[in-house]
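# Curious how this folds, go ahead:
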Amino acid sequence: MSLYGDYLKERTNDQIYETTQGFATYRFIDDKTIYIIDIYVKPENRRSRVGSDIADYIVGLAKIRGCTKLIGTVVPSTKGATASLQGLLAYGMTLESCANDVIILKKDI
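Modelled structure (predicted):
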């Protein structure tokens, strides 16, 4: 585990899944919902299935726990927000809501 992973474990209830190509942080919101907070894929591995594979791994963990809903968010004012939104939509997520500077997407799993 990375130093960032150690930090998350020590300071939050968030979890991290790391590979050599990228990582994702996630949190179980309740018994039925998992929230993927962040996904990062190294630039040379983008436009491949790395991001989807990382998300699939986390969704697999969620299903084992009985989760039926995946949540993801995009903050439109951040750098790369358009690419993030495109990635979540390509993963099959749909708009749940938006307010202020946050777009919330969902997917049944």
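# for the chain, what's the longest strand?
strand 33-41 (DSSP state E).
# outside of that one, which residues touch it?
The set of residues external to strand 33-41 that reach it, using CB atoms under 8 Å, 6 or more residues apart in numbering, is 14, 21-29, 50-51, 54-55, 58-59, 61-62, 65, 67-73, 87, 109. Yep, even glycine has a C-beta here, placed from its N, CA and C like the rest.
# do that again at 6 Å, thanks
22-29, 50-51, 54, 62, 67, 69-72 (CB atoms under 6 Å, 6 or more residues apart in numbering).
# can I have the helix or strand bottoming out on mean pLDDT in the chain written out in CSV, keeping just the CAs?
Within the chain, no helix or strand scores below helix 3-11, which has a mean of 91 by mean pLDDT, DSSP states H and E. What follows is helix 3-11, C-alpha atoms only, in CSV (Å, rounded to 0.1, in the frame of the first residue of the first chain):
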residue,chain,number,x,y,z
LEU,A,3,1.6,6.3,1.8
TYR,A,4,-1.6,7.8,0.5
GLY,A,5,-3.3,4.4,1.2
ASP,A,6,-1.8,4.4,4.7
TYR,A,7,-3.2,7.9,5.3
LEU,A,8,-6.7,7.0,4.2
LYS,A,9,-6.7,3.9,6.4
GLU,A,10,-5.5,6.0,9.4
ARG,A,11,-7.6,9.1,8.9
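# Taking strand 33-41 as reference, get the angle to it.
Using axes from the mean of the first three to the mean of the last three CA atoms, to 10 degrees, the direction of helix 3-11 lies 160 degrees away from that of strand 33-41.
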